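In: Give me a 3D structure for the following:
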Amino acid sequence: MLVLEYKVKAKKLQYLAIEEAIKTTQFIRNKCLRYWMDAPREAKIDRFALNKYSTELRNEFKFVANLNSMAVQSSAERAWLAISRFYDNCKKKVSGKKGYPRFQHDNRSVEYKTSGWVLNATKRRITITDKKGIGELKLLGKWDIQTYAVKSIKRVRLVRRADGYYCQFCIDVEVSDIQPETGNEIGLDVGIESFYTDSNGHQEANPKFLRKTEKAIKNAQRRIYKKVRKSSGRKKARGIFARKHLRISRQRTEHAKKIACRVVKSNDLIAYENLQVCNLLKNHCLAKSIADVSWGLFRIPRAFRLRQHLT
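Out: All right, here's what the predicted structure looks like:
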């Protein structure tokens, strides 16, 4: 599965319509979750039962009926995903909390399947065809989606971020990157002082994206509480604060991808520690530094399995 993301350019009313669709998605998910919680023990609540209940919601609430039927089903599937994850953790007897499903209060996306949208012939505009009033959206980006057939697009998501709205296309294609064998083998030891140290003695510097901008982030956070609650100034200050964190997140992701691809392409065998990062984050003295170095992003299983699969 390949995900291509474009930034969306639209009018103010269209942004409000997207926000309404996102809130409707959250409403359906929470209602399905409440339906599962209130069901008697002898009742069997599965994915099909939640899909059926989402159809009842469309008949009961007009604003739910205005959302595309497949988008409504996708919202119910989000609830089932949380429920099934909880069941799996209970069956596996995972230590600690099992991840009991919670009601969502900060949903940021709405997902359409194979209907509810039409891609323009130039594939630089997309029209959302449900009754929410979103309409035609302009897509900004450098991805070459023209090379993929429309039938291969299985999901379309509208996502809200701190710097605007984005449209994601989930394309069902097989991606392969065959690299020549190098005959090299390497072992990696991740750390905080250096990003990683390999068996050849090379140390990759830790960029410390959060530490470098921590002072500016704290200043931006203080400005939020200096504004009057629910005022436009406070909303603007929160936006500035959120965009700073979004920038750090993107820097971490791009840095981890670049380093991981370089290591994978230059070695046939890679050995690294199977660290449980979530457990290491419980160390309150080092939690911020561990999160900043982003070991989890760097140790992407797909990246390190690629070379093993090819050799």
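In: show me where pLDDT drops low in the stretch 1-150 of the chain?
Out: Nowhere does the stretch 1-150 of the chain drop to pLDDT under 70.
In: where exactly do the helices run in it?
Out: Along the stretch 1-150 of the chain, counting by DSSP state H, counting those that start in this stretch, helices occupy 12-38, 47-60, 62-65, 69-91.
In: Show me the domain layout of the protein.
Out: Split into domains by automatic domain parsing, the chain comes to 1-175, 185-310.
In: first to last residue in the longest one, what's the distance?
Out: This means domain 1-175. This stretch, domain 1-175, spans 8 Å end to end (CA to CA, to the nearest Å).
In: Likewise for stretch 144-161?
Out: Terminal residues of stretch 144-161 are spaced 22 Å apart (CA to CA).
In: Stretch 166-177 now?
Out: 27 Å.
In: please begin residue numbering at 627 from this point
Out: Shifting the count to begin at 627 puts that one at stretch 792-803.
In: I'd like the mean pLDDT over that stretch, please.
Out: Average pLDDT, stretch 792-803: 86.
In: Just the residues contacting that stretch, thanks.
Out: For stretch 792-803, the surrounding residues in contact (CB atoms under 8 Å, 6 or more residues apart in numbering) are 627-634, 752, 763, 765, 771, 774, 778-786, 932. The C-beta positions use only the backbone N, C-alpha and C, and glycine is treated the same way.
In: out of those residues, which are buried?
Out: 630, 632, 634, 752, 763, 765, 771, 774, 779, 781-786, 932 (16 or more other CB atoms under 10 Å).
In: Closest one of those to Ala831?
Out: Nearest to Ala831 among these, counting by CB to CB, is Leu932 at 24.6 Å.
In: Quick check, Asn685 in contact with Ala691.
Out: Yes. Between Asn685 and Ala691 a contact is recorded at 7.3 Å, counting by CB atoms under 8 Å.
In: More neighbours: which of these two?
Out: Between Asn685 and Ala691, Ala691 has the larger neighbour count (other CB atoms under 10 Å), namely 16 against 9.
In: Look up the closest residue to that one, ignoring the ones flanking it.
Out: Excluding the flanking residues, the one nearest Ala691 by CB to CB, 6 or more residues apart in numbering is Arg684, at 4.6 Å.
In: measure the closest residue to Tyr679 other than its chain neighbours to Asn905 for me?
Out: Nearest residue to Tyr679, sequence neighbours excluded (CB to CB, 6+ apart): Tyr661, at 5.2 Å. According to CB to CB, to the nearest Å, Tyr661 and Asn905 sit 34 Å apart.
In: out of those two, which sits in the busier spot?
Out: Tyr661 (18 against 9).
In: Return the distance of that one relative to Ser875.
Out: Noted for Tyr661: a distance of 34 Å to Ser875, by CB to CB.
In: Same question for Val903.
Out: Taking CB to CB, one finds Val903 at 16 Å from Ser875.
In: ditto for Ile671
Out: In terms of CB to CB, Ile671 sits 35 Å off from Ser875.
In: returning to what we had before: quick one: the helices of the stretch 627-776 of the chain as CSV, columns for distance to Glu737 too.
Out: Output for the helices of the stretch 627-776 of the chain, formatted as CSV (distance: least, CB to CB, whole Å):
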stretch, distance to Glu737
helix 638-664, 7
helix 673-686, 13
helix 688-691, 15
helix 695-717, 4
